[in-house]
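In: Next input, structure requested:
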Amino acid sequence: MSQDYYEILGVSRDASPEEIKKAYRKLARALHPDVNPDPEAQERFKTVTVAYEVLSDPEKRSFYDRGGDPLSNAGGGGFGAGFSFSDIMDAFFGQQTQRGPRGRTRRGNDALIRISVTLAEAAFGTTRELKVDTAVVCATCHGNGSADGAEPVTCQTCRGRGEVQHVQRSFLGDIRTARQCPTCQGFGSVIVNPCEECAGDGRVRSRRTLTIKVPGGVDTGTRIQLTGEGEVGPGGGPAADLYVEVEVEPHDVYTRSDDDLYCDVRVPMTAAALGTQIDLPTLEADTGVDAADATIAFDIAPGTQSGETVTIRGRGVPHLRGVGRGDLLVRVVVETPTKLDERQRELLGQLATERGEERVEAEFAAPHRGVFGRIRDAFR
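Out: Just a heads-up that it's a prediction; the model follows:
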């Protein structure tokens, strides 16, 4: 042979297929016409591609090593004999294009369902039974896809490769591209007699019941992962995961922020002035525990003003990951009576007289000032 393909690619005669591919990628990146428009580079690119075509094919390489011309019967030889477009893509992107038939057995898709829980259930945990419609292995063909249990037969169109070659003429020569086989859809085999139950897919839809445990401390948006409880993949492939997303229902008394609980307690002005004690219901009351644990003796100090907030430590929502609980923050709202009878007006009038409040001198105060406001006032 007049040309030494090993020397053209810069590899030894005992180079491995991977070393040959690596050398070709390096040269193709530098010599491809889209990168290097120099006519000499284009001619060299053609030569490099011919060398790779020969050395990457075991039969052609063996014939070449024995002194033969592997391109002598390829329609004129040289670059016009054709090359694989996928090898060019490998050279530029540095990764090998997946070739060959794809497996019929694949992992299923993950599934997501949503459930609603009460605030107490979210705080302390609960269990739920869920009815899930999902894909399971076909009981008739056991995932095989064939009605009689026989194995799929080799596709005659692609001869089991899962792809077919298309040749396109270009100024570089004949470019071969591989496309998915239209007969077998890339599987390389064909199910001659599909299972009537699953139509050859190897799985069917079914409803089943799952019992899940909702841990204490979850909040709206929390997702619980159930590994392997999702749908089975095509061909009876491995089951995917099932995700359960929690949504917490509104509560009549409490609102939640992170792991803290908030509520308002409305009391008449006499109770706020004199002080009192009330039984404050807790979240435990919604779980059916004993009455002694379901309420808190909440003291309202004499002279409590409307809007004052009292913090009760450790009576909020348990932490989802960790120990302890959030806090309970109670805001006192003092209600002023709007309807008074004559006797009540008389008593309130006597109280105002005793306190010297028949005529009120209003006190005015500026809103809360920031640091810049205090600095401004200091310079005045």
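In: is it fair to say V332 lies in a helix?
Out: No. Secondary structure of V332 (DSSP: H, G, I helix; E, B strand; the rest coil): strand, not part of a helix.
In: gap between it and D252?
Out: Applying Cβ to Cβ, to the nearest Å, the value for V332 to D252 is 19 Å. Using the backbone N, CA and C atoms, a C-beta is placed for each residue, glycine as well.
In: Mind checking which of those two has more residues around it?
Out: V332 (20 against 8; other Cβ atoms under 10 Å).
In: Let me see the contact set for the more buried one.
Out: Applying Cβ atoms under 8 Å, 6 or more residues apart in numbering to V332 gives the contacts 264-265, 267, 272, 300, 304-310.
In: Kindly report the same for G221.
Out: 245-247.
In: R13: which of the contacts of V332 is nearest?
Out: Nearest to R13, judged by Cβ to Cβ, of the contacts of V332 is T309 at 85.6 Å.
In: Pull the contacting residues for that closest one.
Out: 329-332.
In: what's the closest of the contacts of G221 to T211?
Out: For the contacts of G221, the nearest to T211 is V246 (15.7 Å; Cβ to Cβ).
In: isn't that closest one right up against L119?
Out: No. At 11.4 Å, V246 and L119 do not qualify as touching, with contact defined as Cβ atoms under 8 Å.
In: okay, and for the stretch 101-250 of the chain, where does confidence drop off?
Out: 167-176 (pLDDT under 70).
In: one more time with 90, if that's ok
Out: For the stretch 101-250 of the chain, the stretches with pLDDT under 90 are 101-106, 108-109, 132-135, 139-193, 196-202, 206, 208, 230, 234-237.
In: how about the strands in it?
Out: 111-117, 126-137, 153-154, 163-170, 173-180, 189-190, 203-214, 223-226, 242-248 (DSSP state E, counting those that start in this stretch).
In: ok, the closest residue to C184 other than its chain neighbours to A147 distance?
Out: Of all residues not flanking C184 in the chain, C155 sits nearest, at 3.8 Å (Cβ to Cβ, 6 or more residues apart in numbering). From C155 over to A147 the distance is 19 Å, taken as Cβ to Cβ.
In: swap in V317?
Out: V317 is 55 Å from A147, by Cβ to Cβ.
In: Which one's more surrounded, these two?
Out: Neighbours were counted for V317 and for A147 using other Cβ under 10 Å; V317 has more, 27 against 17.
In: ok so, going back, give me the buried entries from the contacts of V332.
Out: Those of the contacts of V332 that meet the buried threshold are 265, 267, 272, 300, 304, by 16 or more other Cβ atoms under 10 Å.
In: Narrow the contacts of G221 to just the buried residues.
Out: V246.
In: Pick the one among the contacts of G221 closest to P17.
Out: E245 (48.9 Å).
In: from memory the closest one sits against R223, does it?
Out: Yes. In this structure, E245 is within contact of R223 by Cβ under 8 Å, at 5.1 Å.
In: Find residues that contact each of the two.
Out: In contact with both E245 and R223: L112, using Cβ under 8 Å, 6+ apart.
In: I'd assumed L27 was in contact with V48.
Out: Yes. The criterion here is Cβ under 8 Å, and V48 meets it with L27 at 4.8 Å.
In: Packing partners of the helix or strand containing D299?
Out: Taking DSSP states H and E as the criterion, D299 maps to strand 295-300. Using 3 or more Cβ pairs under 8 Å, 6 or more residues apart in numbering; DSSP states H and E, the elements in contact with strand 295-300 are strand 260-268, strand 276-281, strand 309-312, strand 328-335.
In: Now do the longest one against strand 276-281: the angle between them, please.
Out: Angle between the axes of strand 260-268 and strand 276-281 is 140 degrees (criterion: axes from the mean of the first three to the mean of the last three Cα atoms, to 10 degrees).
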